[in-house]
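*Asks:* model the following, please.
(chains A, B, C and D)
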There are 2 protein chains.
Amino acid sequence: MSNKCEKCIVKKFTGLQTLSSEQLKCISDGKVTRSFKKGDVIFDEGDHLKGIYCVRYGIAKLSKLSTNGKDQIIKFVSNGEVLGQRSVIAQEPANLRAVAVNDMDSCFIPKNIILENLQNNASFTLELLQNLAHELKEADDVIVNISQKPVKNRIAETLIHLEDSFGVDHDGFMIIQLSREDISNIVGTATESCIRMLSELKKEKLIETSGKRIKIINRNTLQKLGEGIQH
Amino acid sequence: MSNKCEKCIVKKFTGLQTLSSEQLKCISDGKVTRSFKKGDVIFDEGDHLKGIYCVRYGIAKLSKLSTNGKDQIIKFVSNGEVLGQRSVIAQEPANLRAVAVNDMDSCFIPKNIILENLQNNASFTLELLQNLAHELKEADDVIVNISQKPVKNRIAETLIHLEDSFGVDHDGFMIIQLSREDISNIVGTATESCIRMLSELKKEKLIETSGKRIKIINRNTLQKLGEGIQH
DNA sequence: ATTTATATATGACAAATATCAGTTATCTAT
DNA sequence: ATAGATAACTGATATTTGTCATATATAAAT
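*Replies:* Numbering: from 1, shown residues only, chains lettered A, B, ... in the order given. Coordinates of the predicted model:
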């Protein structure tokens, strides 16, 4: 795996593609490759980030602690996506906590390089802008779903979304493996409720499980359920 | 009220401050002042926006229809704020519906002026970027609150937020007047539940009401309730 | 391989919220 | 000012979801 930014495939998925060769060289020289073990905290709510993390391999979850002590998962970030951009752009402390869902490799790009490009590189900034615009739309969707759909539908939707985002292995089980607690923290429900709903989905032959591993076996019905078309 | 952009006070609250005098002149010449009556739909989900709306006077609500037929209110936009920026930036159809909460005046700035500035005017783009970054943070907060706090707390928080955003009149009643249905669509609950909670807050002497008008009379306790400190 | 810890699962029950029905108040239009 | 329409309110009840207790399964550690 090359550690030259010019050759990194990740850049093609991010605003980094708009950086010039010299700039990429510069990042490449200054950058640090940071690896995290499953469960490691990449940054926490309130941290002052010194740069952004470009995920090369693995998955991170972004979450926020509620006053009731529950940790709401806001989104996942994986290969070719970027962590911490919002905070660096707004020059504010992180509003979310980032934790590695599995072992993870990332490139750390120092804040000053980002800020400099924000000043001088219009296409870079535009790219970030469209990134944020997309994230904002997704956040709006989450708000609607979480407030209007019953737990079971939200779980159905979450499973579809997780499969689409991270794919399945050779047996058809989803690549991403989350604890029941994580899933309940995505949909915003009690862990027991989440487990119950998964059991129902199993009984209804929409999914199969094997430990943490989950396989969708009736995608159509599950998807309709997630869209709230039927009970 | 001047209709020259160079002199418009609104520009100081928006990215428009970063436009040059010639650019402002250009917008001023090309722009259209658009007025809306209470309840008018400014744009709808799926509309292809031809520009953004800069609110000079009045308040608009942004909402999204759920599959269950309920309209989730995502946020409000008022004086000096901008409507439709996300869609124009992302060059996508609107993901939200915008409706005038009361009579409203706005300046319409055509898309091409925005897009051109996105290409050539780094400070303008940066300003928008920070705008979106802020909106994104707020959306994250909404997700956590709506999924983790009970209805009563969310209503308390909403009332505090509405008072802070739009202020009170000489009698201490909130300027913004929403229907009970609107309030329930902010917190994501049934209208009857919302009414019941407002009644409780009245009994507990945290608020007073007079028709649609609401006055906060024990801000401290209401705020603590909204923050989830106590039941 | 066996113990220990942690995660998953299920039942019984409590609490929160939604729904439905019906009443009263407020707004709107003539 | 009055009639009709719409919104606000309240009670009774159903449904959904959360909590607590406990059992079983899985993972981690010696």
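*Asks:* quick one: is the helix ranked longest in chain A near DNA strand C?
*Replies:* What stands out as the longest helix in chain A, according to DSSP state H, is helix A:122-148. No - with CB under 7 Å from any atom of the strand as the measure, helix A:122-148 is seen stopping short of DNA strand C, the closest distance being 8.1 Å. Backbone N, C-alpha and C define where each C-beta goes, glycine included.
*Asks:* how about that helix and DNA strand D, any contact?
*Replies:* No - Helix A:122-148 stays out of contact with DNA strand D when judged by CB under 7 Å from any atom of the strand, the minimum separation being 9.8 Å.
*Asks:* could you list the low-pLDDT ranges of chain A?
*Replies:* A:1-31, A:229-231 (pLDDT under 70).
*Asks:* contacts only, for the most centrally placed residue in it.
*Replies:* Note on chain A: the residue nearest the mean C-alpha position is A:Phe76, at 1.4 Å, using CA atoms, centre = their mean. Taking CB atoms under 8 Å, 6 or more residues apart in numbering or on different chains, we find A:Phe76 in contact with A:Ile59, A:Ala60, A:Lys61, A:Leu62, A:Val101, A:Leu162, A:Ser165, A:Phe166, A:Ile176.
*Asks:* in the host helix or strand of it, what's buried?
*Replies:* Using DSSP states H and E, A:Phe76 sits in strand A:71-78. Buried residues in strand A:71-78, counted by 16 or more other CB atoms under 10 Å in any protein chain shown: A:Asp71, A:Gln72, A:Ile73, A:Ile74, A:Lys75, A:Phe76, A:Val77, A:Ser78.
*Asks:* any idea how far A:Ile186 is from the fourth one?
*Replies:* By that I understand A:Ile74. For A:Ile74, the distance to A:Ile186 (CB to CB, to the nearest Å) stands at 9 Å.
*Asks:* overlap in contacts, those two.
*Replies:* With contacts taken as CB under 8 Å, 6+ apart, A:Ile74 and A:Ile186 have no neighbour in common.
*Asks:* name the residues of chain A found near DNA strand D, please.
*Replies:* A:Pro150, A:Val151, A:Lys152, A:Gly188, A:Thr189, A:Ala190, A:Glu192, A:Ser193, A:Gly211, A:Lys212, A:His231.
*Asks:* and the third one, how far is that from A:Lys202?
*Replies:* Just to be clear, that refers to A:Lys152. For A:Lys152 relative to A:Lys202 (CB to CB), the value is 12 Å.
*Asks:* more neighbours: which of these two?
*Replies:* Neighbour count, other CB atoms under 10 Å in any protein chain shown: between A:Lys152 and A:Lys202, A:Lys152 has more, with 21 against 14.
*Asks:* orientation of the one helix or strand that one maps to relative to helix B:122-148 in degrees?
*Replies:* If you go by DSSP H and E, A:Lys152 is part of helix A:151-166. Per axes from the mean of the first three to the mean of the last three CA atoms, to 10 degrees, the angle that helix A:151-166 makes with helix B:122-148 is 140 degrees.
*Asks:* so who does the nearest residue to A:Ser184 once chain neighbours are set aside touch?
*Replies:* Excluding its sequence neighbours, the residue lying closest to A:Ser184 (CB to CB, 6 or more residues apart in numbering or on different chains) is A:Cys194, at 3.7 Å. By CB under 8 Å, 6+ apart, the contact list for A:Cys194 reads A:Val151, A:Ile155, A:Arg180, A:Glu181, A:Ile183, A:Ser184, A:Val187.
*Asks:* thought A:Lys202 was touching A:Thr209?
*Replies:* Yes - using CB atoms under 8 Å, A:Lys202 makes contact with A:Thr209 at a distance of 6.3 Å.
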